[in-house]
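Peer 1: The sequence and its predicted three-dimensional model are supplied below.
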Amino acid sequence: MMGNCQVRFLGGRDAATYALLPDNKCLAYWIESSRDEKVNRNRLNKLALELRKEYEWASKLNSQATQAHAERAWSAISRFFDNCKKKVPGKKGYPKFKKNSRSVEYKITGWNLSEDRKKLTLTDDFNAGTFKLKGTRDLNWYTKKQIKRVRIVRRAKGYFVQFCIDVERSEPLPRTNKFVGIDLGIKEFYTDSNGEVVNNPRYLRKSELRLKRRQRRKSARVKGGKNRLKAIKKLGRAHFKVSSQRKDFAIKTAKALIQSNDMVIYEDLKVRNMVKNHKLAKSISDVSWSMFTDWLEYFGKVHGRIVFSVAPHWTSQNCSNCGELVKKSLSTRTHQCPKCQTVLDRDHNAAINILNKGWGDDRVPQGMREVTLEESRTSGRVEQSLLLSSL
Ligand SMILES: [Zn+2]
(Lines give C-alpha, C1' and ligand atoms only; values in the text may rest on other atoms or scores of the structure.)
Protein backbone atom coordinates (compact mmCIF):
# COMPACT_ATOMS: atom_id res chain seq x y z
CA MET A 1 0.00 0.00 0.00
CA MET A 2 1.28 3.44 -0.84
CA GLY A 3 0.75 6.04 1.82
CA ASN A 4 0.94 9.69 1.07
CA CYS A 5 2.53 12.10 3.44
CA GLN A 6 2.26 15.74 2.62
CA VAL A 7 4.35 18.36 4.28
CA ARG A 8 4.28 22.10 3.77
CA PHE A 9 7.36 23.27 2.00
CA LEU A 10 8.88 26.47 3.31
CA GLY A 11 11.18 28.51 1.12
CA GLY A 12 10.40 31.14 -1.45
CA ARG A 13 12.38 29.73 -4.30
CA ASP A 14 10.66 28.45 -7.35
CA ALA A 15 11.37 24.78 -7.09
CA ALA A 16 8.58 23.42 -9.24
CA THR A 17 8.64 25.86 -12.12
CA TYR A 18 12.06 24.72 -13.15
CA ALA A 19 10.67 21.46 -14.36
CA LEU A 20 10.23 22.75 -17.85
CA LEU A 21 7.98 19.93 -18.81
CA PRO A 22 9.54 17.08 -20.64
CA ASP A 23 5.82 16.16 -20.66
CA ASN A 24 5.14 18.57 -23.47
CA LYS A 25 8.14 17.53 -25.49
CA CYS A 26 7.09 13.91 -25.27
CA LEU A 27 3.56 14.76 -26.21
CA ALA A 28 4.67 16.81 -29.20
CA TYR A 29 6.79 13.90 -30.34
CA TRP A 30 3.84 11.55 -30.12
CA ILE A 31 1.55 13.92 -32.04
CA GLU A 32 4.06 14.54 -34.81
CA SER A 33 5.20 10.97 -35.24
CA SER A 34 3.56 8.78 -37.86
CA ARG A 35 1.52 5.71 -37.11
CA ASP A 36 4.17 3.15 -38.04
CA GLU A 37 6.74 4.71 -35.77
CA LYS A 38 4.97 3.02 -32.85
CA VAL A 39 5.64 5.44 -30.05
CA ASN A 40 5.50 3.62 -26.74
CA ARG A 41 6.57 4.10 -23.16
CA ASN A 42 10.17 3.05 -23.83
CA ARG A 43 10.51 5.41 -26.74
CA LEU A 44 9.31 8.33 -24.60
CA ASN A 45 11.65 7.40 -21.80
CA LYS A 46 14.54 7.43 -24.24
CA LEU A 47 13.39 10.74 -25.65
CA ALA A 48 13.38 12.25 -22.19
CA LEU A 49 16.98 11.19 -21.76
CA GLU A 50 17.90 12.59 -25.17
CA LEU A 51 16.37 15.88 -24.11
CA ARG A 52 18.90 16.01 -21.34
CA LYS A 53 21.66 16.25 -23.90
CA GLU A 54 19.87 18.78 -26.02
CA TYR A 55 18.65 21.28 -23.46
CA GLU A 56 20.57 22.74 -20.61
CA TRP A 57 17.60 22.88 -18.27
CA ALA A 58 16.80 19.25 -18.83
CA SER A 59 20.33 18.17 -18.03
CA LYS A 60 20.14 19.93 -14.69
CA LEU A 61 17.04 18.07 -13.69
CA ASN A 62 17.57 14.74 -12.01
CA SER A 63 17.38 11.91 -14.54
CA GLN A 64 14.67 10.04 -12.67
CA ALA A 65 12.64 13.21 -12.44
CA THR A 66 12.93 13.62 -16.21
CA GLN A 67 11.71 10.10 -16.69
CA ALA A 68 8.82 10.58 -14.32
CA HIS A 69 7.65 13.32 -16.66
CA ALA A 70 7.95 11.05 -19.66
CA GLU A 71 5.91 8.43 -17.83
CA ARG A 72 3.28 11.00 -17.05
CA ALA A 73 3.02 11.96 -20.71
CA TRP A 74 2.72 8.29 -21.63
CA SER A 75 -0.03 7.64 -19.12
CA ALA A 76 -2.02 10.56 -20.57
CA ILE A 77 -1.60 9.11 -24.04
CA SER A 78 -2.50 5.56 -23.09
CA ARG A 79 -5.52 6.76 -21.09
CA PHE A 80 -6.75 8.44 -24.26
CA PHE A 81 -6.27 5.22 -26.25
CA ASP A 82 -8.03 3.16 -23.62
CA ASN A 83 -11.00 5.49 -23.64
CA CYS A 84 -11.21 5.21 -27.42
CA LYS A 85 -10.94 1.43 -27.32
CA LYS A 86 -13.59 1.11 -24.64
CA LYS A 87 -15.76 3.57 -26.58
CA VAL A 88 -16.29 5.73 -23.52
CA PRO A 89 -19.14 8.11 -24.39
CA GLY A 90 -18.36 11.82 -24.71
CA LYS A 91 -14.90 13.32 -24.57
CA LYS A 92 -12.02 10.87 -24.78
CA GLY A 93 -9.50 13.14 -23.12
CA TYR A 94 -7.09 13.86 -25.95
CA PRO A 95 -3.81 14.66 -24.17
CA LYS A 96 -3.23 18.38 -23.73
CA PHE A 97 -0.10 20.45 -23.51
CA LYS A 98 0.54 21.80 -20.07
CA LYS A 99 0.65 25.55 -19.76
CA ASN A 100 2.52 25.64 -16.53
CA SER A 101 4.18 23.11 -14.40
CA ARG A 102 2.76 22.59 -10.98
CA SER A 103 4.94 19.76 -9.86
CA VAL A 104 8.23 18.00 -10.18
CA GLU A 105 8.76 14.43 -9.14
CA TYR A 106 11.82 12.59 -7.86
CA LYS A 107 12.15 8.89 -7.28
CA ILE A 108 14.90 7.67 -4.98
CA THR A 109 17.70 10.01 -6.02
CA GLY A 110 18.04 13.75 -6.36
CA TRP A 111 16.98 14.51 -2.82
CA ASN A 112 18.05 13.97 0.74
CA LEU A 113 16.53 14.29 4.17
CA SER A 114 18.35 15.74 7.14
CA GLU A 115 19.11 13.58 10.17
CA ASP A 116 16.18 14.98 12.15
CA ARG A 117 13.89 14.68 9.09
CA LYS A 118 12.99 18.32 9.33
CA LYS A 119 14.82 19.52 6.22
CA LEU A 120 14.81 18.44 2.60
CA THR A 121 17.71 19.10 0.25
CA LEU A 122 17.34 18.84 -3.49
CA THR A 123 20.64 17.55 -4.75
CA ASP A 124 20.36 17.86 -8.51
CA ASP A 125 22.16 20.55 -10.47
CA PHE A 126 19.49 23.16 -10.04
CA ASN A 127 20.85 23.86 -6.61
CA ALA A 128 17.40 24.67 -5.37
CA GLY A 129 18.85 24.23 -1.92
CA THR A 130 17.62 23.08 1.44
CA PHE A 131 14.09 23.59 2.64
CA LYS A 132 12.50 23.42 6.04
CA LEU A 133 9.57 21.04 6.27
CA LYS A 134 6.53 22.00 8.22
CA GLY A 135 3.64 19.67 8.76
CA THR A 136 1.72 17.37 11.01
CA ARG A 137 2.93 14.05 9.72
CA ASP A 138 6.08 12.73 11.27
CA LEU A 139 8.62 11.39 8.81
CA ASN A 140 10.61 9.76 11.61
CA TRP A 141 8.34 6.76 11.32
CA TYR A 142 9.80 5.80 7.99
CA THR A 143 13.21 4.88 6.69
CA LYS A 144 14.54 6.61 3.62
CA LYS A 145 14.19 3.35 1.73
CA GLN A 146 10.45 3.38 2.28
CA ILE A 147 10.12 6.71 0.51
CA LYS A 148 9.61 5.80 -3.13
CA ARG A 149 8.80 9.15 -4.60
CA VAL A 150 9.14 12.78 -3.64
CA ARG A 151 6.90 15.21 -5.44
CA ILE A 152 7.10 18.96 -5.13
CA VAL A 153 3.80 20.60 -5.86
CA ARG A 154 2.85 24.21 -6.23
CA ARG A 155 -0.45 25.08 -4.57
CA ALA A 156 -2.25 28.35 -3.90
CA LYS A 157 -0.67 28.57 -0.46
CA GLY A 158 2.91 27.88 -1.45
CA TYR A 159 4.98 24.80 -2.14
CA PHE A 160 4.27 21.38 -0.77
CA VAL A 161 6.23 18.25 -0.85
CA GLN A 162 4.51 14.88 -0.97
CA PHE A 163 6.32 11.77 0.12
CA CYS A 164 5.01 8.59 -1.39
CA ILE A 165 5.68 5.98 1.26
CA ASP A 166 5.65 2.26 0.77
CA VAL A 167 4.13 0.86 3.92
CA GLU A 168 1.97 -2.10 4.64
CA ARG A 169 -0.15 -0.50 7.32
CA SER A 170 -2.12 -3.05 9.26
CA GLU A 171 -3.78 -2.22 12.55
CA PRO A 172 -6.62 -4.68 13.08
CA LEU A 173 -9.37 -3.52 15.43
CA PRO A 174 -11.54 -5.67 17.72
CA ARG A 175 -14.85 -6.82 16.25
CA THR A 176 -17.89 -4.71 17.09
CA ASN A 177 -20.49 -7.03 15.52
CA LYS A 178 -22.04 -4.01 13.90
CA PHE A 179 -22.83 -3.52 10.21
CA VAL A 180 -23.98 -0.32 8.65
CA GLY A 181 -25.31 1.00 5.33
CA ILE A 182 -24.93 4.66 4.48
CA ASP A 183 -26.83 6.97 2.15
CA LEU A 184 -24.76 9.97 1.07
CA GLY A 185 -26.77 13.13 0.64
CA ILE A 186 -26.53 16.82 -0.05
CA LYS A 187 -28.28 18.42 2.89
CA GLU A 188 -27.01 15.84 5.33
CA PHE A 189 -23.60 14.38 4.65
CA TYR A 190 -24.89 10.90 5.27
CA THR A 191 -27.70 9.00 6.95
CA ASP A 192 -26.98 5.49 8.18
CA SER A 193 -29.15 2.41 8.45
CA ASN A 194 -29.63 3.02 12.18
CA GLY A 195 -31.15 6.40 11.40
CA GLU A 196 -28.13 8.37 12.61
CA VAL A 197 -27.41 11.53 10.65
CA VAL A 198 -24.04 13.17 10.12
CA ASN A 199 -24.34 16.73 8.88
CA ASN A 200 -22.00 18.71 6.70
CA PRO A 201 -19.99 20.86 9.08
CA ARG A 202 -20.95 24.52 9.21
CA TYR A 203 -17.41 25.75 8.60
CA LEU A 204 -17.26 23.77 5.37
CA ARG A 205 -20.56 25.16 4.13
CA LYS A 206 -19.32 28.64 4.93
CA SER A 207 -16.09 28.25 2.98
CA GLU A 208 -17.94 26.66 0.09
CA LEU A 209 -20.18 29.71 -0.08
CA ARG A 210 -17.12 31.93 -0.02
CA LEU A 211 -15.66 29.89 -2.86
CA LYS A 212 -18.78 30.40 -4.96
CA ARG A 213 -18.73 34.12 -4.27
CA ARG A 214 -15.11 34.41 -5.33
CA GLN A 215 -15.77 32.43 -8.45
CA ARG A 216 -18.45 34.93 -9.44
CA ARG A 217 -16.22 37.86 -8.58
CA LYS A 218 -13.41 36.52 -10.73
CA SER A 219 -15.71 36.10 -13.74
CA ALA A 220 -16.95 39.67 -13.31
CA ARG A 221 -13.47 41.19 -13.62
CA VAL A 222 -12.06 42.30 -16.98
CA LYS A 223 -9.76 39.75 -18.56
CA GLY A 224 -6.09 40.63 -18.37
CA GLY A 225 -6.71 43.31 -15.75
CA LYS A 226 -4.93 43.74 -12.45
CA ASN A 227 -8.10 43.13 -10.45
CA ARG A 228 -8.71 39.91 -12.27
CA LEU A 229 -5.30 38.67 -11.24
CA LYS A 230 -6.05 39.55 -7.63
CA ALA A 231 -9.40 37.79 -7.86
CA ILE A 232 -7.72 34.69 -9.29
CA LYS A 233 -5.29 34.57 -6.39
CA LYS A 234 -8.09 34.96 -3.86
CA LEU A 235 -10.06 32.24 -5.62
CA GLY A 236 -7.05 29.95 -5.45
CA ARG A 237 -6.76 30.45 -1.71
CA ALA A 238 -10.48 29.77 -1.25
CA HIS A 239 -10.14 26.55 -3.24
CA PHE A 240 -7.23 25.52 -1.10
CA LYS A 241 -9.10 26.17 2.13
CA VAL A 242 -12.16 24.22 1.03
CA SER A 243 -10.16 21.25 -0.16
CA SER A 244 -8.13 20.96 3.02
CA GLN A 245 -11.23 21.31 5.20
CA ARG A 246 -12.98 18.69 3.11
CA LYS A 247 -10.06 16.35 3.51
CA ASP A 248 -9.98 16.78 7.29
CA PHE A 249 -13.69 16.14 7.54
CA ALA A 250 -13.52 13.11 5.24
CA ILE A 251 -10.70 11.55 7.26
CA LYS A 252 -12.34 12.12 10.63
CA THR A 253 -15.75 10.88 9.54
CA ALA A 254 -14.42 7.83 7.72
CA LYS A 255 -12.22 6.87 10.65
CA ALA A 256 -15.09 7.09 13.13
CA LEU A 257 -17.34 4.97 10.94
CA ILE A 258 -14.68 2.29 10.45
CA GLN A 259 -13.86 2.18 14.15
CA SER A 260 -17.44 1.49 15.18
CA ASN A 261 -18.45 -0.99 12.47
CA ASP A 262 -17.18 -4.32 11.12
CA MET A 263 -18.75 -3.65 7.75
CA VAL A 264 -19.70 -0.47 5.90
CA ILE A 265 -21.76 -0.54 2.68
CA TYR A 266 -22.27 2.55 0.55
CA GLU A 267 -23.79 3.43 -2.81
CA ASP A 268 -21.75 3.39 -5.99
CA LEU A 269 -21.94 7.06 -6.87
CA LYS A 270 -20.66 6.69 -10.40
CA VAL A 271 -23.86 5.06 -11.49
CA ARG A 272 -26.09 7.25 -9.39
CA ASN A 273 -28.80 9.11 -11.25
CA MET A 274 -27.19 12.29 -12.50
CA VAL A 275 -30.27 14.43 -13.00
CA LYS A 276 -31.38 13.84 -9.47
CA ASN A 277 -29.81 16.98 -8.11
CA HIS A 278 -29.06 20.56 -8.86
CA LYS A 279 -25.88 20.70 -10.91
CA LEU A 280 -23.66 22.88 -8.75
CA ALA A 281 -24.64 21.37 -5.43
CA LYS A 282 -24.04 18.01 -7.04
CA SER A 283 -20.56 18.82 -8.26
CA ILE A 284 -19.58 20.07 -4.83
CA SER A 285 -20.89 16.97 -3.07
CA ASP A 286 -19.34 14.73 -5.69
CA VAL A 287 -15.85 15.77 -4.64
CA SER A 288 -16.57 15.31 -0.95
CA TRP A 289 -18.28 11.97 -1.47
CA SER A 290 -15.56 10.38 -3.52
CA MET A 291 -12.91 11.70 -1.16
CA PHE A 292 -14.86 10.23 1.75
CA THR A 293 -15.39 6.81 0.17
CA ASP A 294 -11.69 6.67 -0.79
CA TRP A 295 -10.79 7.16 2.87
CA LEU A 296 -13.41 4.62 3.92
CA GLU A 297 -11.79 2.02 1.67
CA TYR A 298 -8.35 2.99 2.93
CA PHE A 299 -9.18 2.76 6.64
CA GLY A 300 -11.13 -0.41 5.94
CA LYS A 301 -7.96 -2.01 4.59
CA VAL A 302 -5.81 -0.71 7.43
CA HIS A 303 -8.16 -1.83 10.18
CA GLY A 304 -9.38 -5.05 8.59
CA ARG A 305 -12.98 -3.96 7.99
CA ILE A 306 -15.23 -4.89 5.07
CA VAL A 307 -16.05 -1.89 2.90
CA PHE A 308 -17.71 -1.98 -0.51
CA SER A 309 -20.31 -0.27 -2.66
CA VAL A 310 -23.55 -1.50 -4.23
CA ALA A 311 -25.52 -0.25 -7.25
CA PRO A 312 -27.94 2.48 -6.17
CA HIS A 313 -30.94 1.31 -8.21
CA TRP A 314 -34.25 1.45 -6.30
CA THR A 315 -32.56 2.01 -2.95
CA SER A 316 -34.68 5.09 -2.33
CA GLN A 317 -37.93 3.75 -3.84
CA ASN A 318 -38.30 0.30 -2.33
CA CYS A 319 -39.69 -0.31 1.13
CA SER A 320 -36.86 -1.53 3.34
CA ASN A 321 -39.26 -3.63 5.38
CA CYS A 322 -41.36 -5.48 2.80
CA GLY A 323 -39.73 -4.66 -0.55
CA GLU A 324 -42.83 -2.93 -1.97
CA LEU A 325 -42.06 -0.30 -4.63
CA VAL A 326 -43.16 3.02 -3.16
CA LYS A 327 -42.63 5.73 -5.78
CA LYS A 328 -41.70 9.11 -4.45
CA SER A 329 -40.48 12.36 -5.95
CA LEU A 330 -37.37 14.18 -4.77
CA SER A 331 -39.36 16.43 -2.49
CA THR A 332 -40.99 13.55 -0.63
CA ARG A 333 -38.85 13.31 2.48
CA THR A 334 -40.73 10.50 4.21
CA HIS A 335 -41.16 6.92 3.13
CA GLN A 336 -44.68 5.67 3.86
CA CYS A 337 -45.43 2.11 2.84
CA PRO A 338 -49.11 1.43 2.02
CA LYS A 339 -48.52 -2.32 2.28
CA CYS A 340 -46.79 -2.82 5.64
CA GLN A 341 -47.42 0.66 7.10
CA THR A 342 -43.70 1.34 7.66
CA VAL A 343 -42.98 5.05 8.08
CA LEU A 344 -39.34 6.12 7.89
CA ASP A 345 -37.24 9.09 6.90
CA ARG A 346 -36.51 8.78 3.18
CA ASP A 347 -32.72 8.57 3.60
CA HIS A 348 -32.95 6.19 6.55
CA ASN A 349 -35.07 3.85 4.41
CA ALA A 350 -32.49 4.11 1.59
CA ALA A 351 -29.60 3.35 3.96
CA ILE A 352 -31.34 0.18 5.21
CA ASN A 353 -31.88 -0.90 1.58
CA ILE A 354 -28.18 -0.31 0.88
CA LEU A 355 -27.19 -2.47 3.86
CA ASN A 356 -29.63 -5.24 2.83
CA LYS A 357 -28.32 -5.15 -0.73
CA GLY A 358 -24.73 -5.44 0.52
CA TRP A 359 -25.70 -8.29 2.83
CA GLY A 360 -26.85 -10.28 -0.20
CA ASP A 361 -23.47 -9.85 -1.88
CA ASP A 362 -20.68 -12.45 -2.12
CA ARG A 363 -18.20 -9.92 -0.86
CA VAL A 364 -19.46 -10.47 2.68
CA PRO A 365 -17.06 -13.05 4.15
CA GLN A 366 -18.46 -16.16 5.82
CA GLY A 367 -17.09 -15.12 9.21
CA MET A 368 -19.27 -12.00 9.18
CA ARG A 369 -22.43 -14.02 8.76
CA GLU A 370 -22.11 -15.52 12.23
CA VAL A 371 -23.90 -12.37 13.30
CA THR A 372 -27.24 -11.62 11.61
CA LEU A 373 -28.29 -8.17 10.50
CA GLU A 374 -30.91 -8.14 13.26
CA GLU A 375 -28.31 -9.00 15.92
CA SER A 376 -26.03 -6.34 14.49
CA ARG A 377 -28.78 -3.78 14.97
CA THR A 378 -29.54 -4.78 18.55
CA SER A 379 -25.88 -5.10 19.50
CA GLY A 380 -25.61 -1.46 18.56
CA ARG A 381 -28.53 -0.60 20.79
CA VAL A 382 -27.18 -2.52 23.78
CA GLU A 383 -23.94 -0.68 23.52
CA GLN A 384 -25.71 2.65 23.33
CA SER A 385 -27.84 2.00 26.41
CA LEU A 386 -24.77 0.80 28.30
CA LEU A 387 -23.09 4.00 27.34
CA LEU A 388 -26.04 6.06 28.59
CA SER A 389 -26.19 4.28 31.93
CA SER A 390 -22.50 4.75 32.50
CA LEU A 391 -22.76 8.50 31.93
ZN1 LIG B 1 -43.45 -2.01 3.26
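Peer 2: Yep, that arrived.
Peer 1: CA only for contacts and neighbour counts going forward, please
Peer 2: Noted.
Peer 1: quick one: buried residues of the longest helix anywhere in the chain?
Peer 2: Once the chain is assigned using DSSP state H, the helix that runs over the most residues is helix 226-260. Within helix 226-260, the residues scored as buried using 16 or more other CA atoms under 10 Å are 228, 231-243, 245-247, 249-251, 253-255, 257-260.
Peer 1: residues contacting residue 232?
Peer 2: Residue 232 sits next to residue 218 when contact means CA atoms under 8 Å, 6 or more residues apart in numbering.
Peer 1: And it, how far from residue 245?
Peer 2: Distance of residue 232 to residue 245, given as CA to CA, to the nearest Å: 20 Å.
Peer 1: on that earlier part again, could you list which of the buried residues of helix 226-260 also contact the ion?
Peer 2: Among the buried residues of helix 226-260, no residue lies close to the ion (CA under 5 Å from the ion).
Peer 1: Can you name the residue of the stretch 51-200 of the chain nearest the ion?
Peer 2: residue 193 (15.8 Å; CA to the ion).
Peer 1: burial measure for that residue, as a count.
Peer 2: 23 (other CA atoms under 10 Å).
Peer 1: now swap in residue 83 and tell me
Peer 2: Other residues close to residue 83 by other CA under 10 Å number 16.
Peer 1: again, but for residue 367
Peer 2: 7.
Peer 1: In the host helix or strand of residue 162, which residues are buried?
Peer 2: Taking DSSP states H and E as the criterion, residue 162 maps to strand 158-166. Going by neighbour count (16+ other CA under 10 Å), the buried part of strand 158-166 is 159-166.
Peer 1: per-residue pLDDT, residue 297?
Peer 2: Looking at residue 297, its pLDDT is 92.
Peer 1: On the C-terminal side of the helix or strand where it lies, identify the next helix or strand.
Peer 2: Per DSSP H and E, residue 297 falls inside helix 279-303. Later in the chain than helix 279-303, the nearest helix or strand by DSSP H and E is strand 306-310.
Peer 1: Please see if the helix or strand just after that next one touches the ion.
Peer 2: For strand 306-310, the following helix or strand on the C-terminal side (DSSP H and E) is strand 334-336. No - using CA under 5 Å from the ion, strand 334-336 never reaches the ion; the gap is at least 7.8 Å.
Peer 1: so how far is strand 334-336 from its chain's centroid?
Peer 2: From the chain centre to the centre of strand 334-336 is a distance of 33 Å (CA atoms, centre = their mean, to the nearest Å).
Peer 1: Just the buried residues of it, please?
Peer 2: 335-336.
Peer 1: And it, what does it pack against?
Peer 2: strand 343-345, helix 346-359 (3 or more CA pairs under 8 Å, 6 or more residues apart in numbering; DSSP states H and E).
Peer 1: Which positions in the shortest one come out as buried?
Peer 2: The reference is to strand 343-345. residue 344.
Peer 1: partners of it, with directions?
Peer 2: Strand 343-345 pairs in its sheet with strand 334-336 (antiparallel), by DSSP bridges.
Peer 1: Nearest residue to residue 265 in space, please, no chain neighbours.
Peer 2: In space, and not counting its chain neighbours, residue 265 is closest to residue 181: 4.7 Å by CA to CA, 6 or more residues apart in numbering.
Peer 1: Same check on residue 121?
Peer 2: Closest to residue 121 by CA to CA, 6+ apart is residue 130, at 4.2 Å.
Peer 1: Need the three-state assignment for the one you found.
Peer 2: Following DSSP: H, G, I helix; E, B strand; the rest coil, we place residue 130 in the strand state.
Peer 1: which residues touch it?
Peer 2: 119-122.
Peer 1: swap the cut-off to 10 Å and go again
Peer 2: 10-11, 111-114, 119-123 (CA atoms under 10 Å, 6 or more residues apart in numbering).
Peer 1: which parts of the chain sit against the ion?
Peer 2: 319, 321-322, 337, 340.
Peer 1: Which segments of this protein make up each domain?
Peer 2: 1-9+103-168, 20-100, 179-198+248-390 (automatic domain parsing).
Peer 1: Go ahead and confirm residue 253 touches residue 294.
Peer 2: No - at 11.9 Å, residue 253 does not count as touching residue 294 under the criterion of CA atoms under 10 Å.
Peer 1: gap between the residue nearest to the spatial centre of the chain and residue 180?
Peer 2: What sits nearest the mean C-alpha location of the chain, by CA atoms, centre = their mean, is residue 291, with 3.9 Å. Going from residue 291 to residue 180 by CA to CA gives 19 Å.
Peer 1: In contact with the residue in the chain sticking out farthest from the centre, which residues are there?
Peer 2: What lies farthest from the middle of the chain is residue 339; by CA atoms, centre = their mean that is 41.6 Å. For residue 339, the contact set (CA under 10 Å, 6+ apart) comprises 319, 321-326.
Peer 1: By neighbour count, which of those wins?
Peer 2: residue 319 (28 neighbours).
Peer 1: In the stretch 101-250 of the chain, mark out all the strands, start to finish.
Peer 2: 103-106, 111-113, 119-122, 129-134, 147-155, 158-166, 179-184, 188-192, 197-199 (DSSP state E, counting those that start in this stretch).
Peer 1: out of those, deepest packed?
Peer 2: Among the strands of the stretch 101-250 of the chain, ranked by average contacts under mean count of other CA atoms under 10 Å, first place goes to strand 179-184 (a mean of 26).
Peer 1: quick check: angle from it to helix 226-260?
Peer 2: Calculated by axes from the mean of the first three to the mean of the last three CA atoms, to 10 degrees, strand 179-184 forms an angle of 160 degrees with helix 226-260.
Peer 1: Pairing partners for strand 179-184, with directions?
Peer 2: strand 188-192 (antiparallel), strand 263-267 (parallel).
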